[in-house]
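with the sequence up front, the predicted model follows.
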Amino acid sequence: MAATTSAARSLLLCLLVAFLHRLQFQIPPVAAATTSHNKTESRRDGRGKTLSFTLYQHETINKTGYIVVDGVAGAGVSQTTTPFGTIYVFRDDLTVRADRASPVAGVAEGSSITTSLDGLQSLSLAKITVHHRGHRGSVSVLGGTYNTKPSDYPVVGGTGDFAYALGYVRSSPVDLRGRTVTYKMELHLYWPPYAHYATVPRKA
């Protein structure tokens with residue numbers, strides 16, 4: 001009886017070791033990326049997938065961005081302010097460098113509502129579509145904007161190569177002079193380990 005129990009324990013131990021050995025190779029791979037402008041480097045570990053890169057948004061008043069509802073009070077219209085309640089819509093090119101002549105890698109389209117009487121703050125929502133460095137898809141963001149300071153927007157979803165992405169997008173002013181304003185847009189994305197197993201829509 002003792003010999004049978006010992007053999008059973010040995011068998012269970014062997015099965016447990018075999019299971020754990022197999023499990024370590026089923027953990028989804030991770031690509032952690034850091035970017036300097038348009039350069040991407042990656043590494044892998046077992047905690048999820050991350051990707052970071054930078055693009056530049058160029059917005060031209062009354063060409064790629066328009067006021068569609070006038071505000072009711074507060075600051076006037078300028079390069080950085082709009083009256084309280086103003087609704088503004090935009091569709092802006094995203095380039096790989098701050099120079100507007102650099103290659104276009106995507107587009108940011110969305111709207112904002114001015115939410116402060118000084119005209120500097122707004123609630124913004126946008127879809128950021130990217131075709132850059134082998135990545136193709138879009139992320140959607142929603143959050144508060146401070147026109148003259150860096151603003152962080154939580155990522156609420158994605159499509160294509162960015163399906164199931166979480167993270168945030170940081171928008172920072174680069175040049176607010178003249179008719180066209182430029183913002184630095186840093187995308188910091190993260191996929192949790194379970195995203196490896198999630199269903200991804202087939203490309204049309």
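All right, it came through fine.

buried ones in the helix or strand encompassing residue 154, by neighbour count?
Element membership of residue 154 [criterion: DSSP states H and E] is strand 151-160. Residues 151, 153, 155, 158, 159, 160 are the ones in strand 151-160 that count as buried (16 or more other Cβ atoms under 10 Å). No exception for glycine: its C-beta is placed from N, CA and C like everyone else's.

what do you get for stretch 71-88?
In stretch 71-88, counting by 16+ other Cβ under 10 Å, buried: 71, 74, 75, 81, 82, 83, 84, 86, 87, 88.

so the fifth one sits against residue 69, correct?
Put plainly, it is residue 82. No: in this structure residue 82 lies outside contact range of residue 69 using Cβ atoms under 8 Å: 10.2 Å.

identify the contacts common to these two.
With contacts taken as Cβ atoms under 8 Å, 6 or more residues apart in numbering, residue 82 and residue 69 have no neighbour in common.

and residue 139, that's in a strand?
Yes: using DSSP: H, G, I helix; E, B strand; the rest coil, the secondary structure at residue 139 is a strand.

list the contacts for it?
For residue 139, counting by Cβ under 8 Å, 6+ apart, the contacting residues are 127, 128, 130, 155, 157, 158, 162, 165, 169, 187, 189.

residue 134: how many residues sit nearby?
7 (other Cβ atoms under 10 Å).

so what's residue 154 bridging to?
residue 168 (DSSP bridges).

show the contacting residues for it.
141, 142, 143, 167, 168 are the contacts of residue 154 under Cβ under 8 Å, 6+ apart.

would you mind listing the two of those that lie farthest apart?
142 and 167 (13.1 Å; Cβ to Cβ).

neighbour count winner among these two?
residue 167 (19 against 14).

hmm, back to that, format the contacts of residue 154 as TSV; extra columns: pLDDT and distance to residue 183.
Formatted as TSV, the contacts of residue 154 follow (pLDDT from 0 to 100; distance: Cβ to Cβ, whole Å):
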residue	pLDDT	distance to residue 183
141	98	13
142	97	17
143	97	14
167	97	18
168	98	15
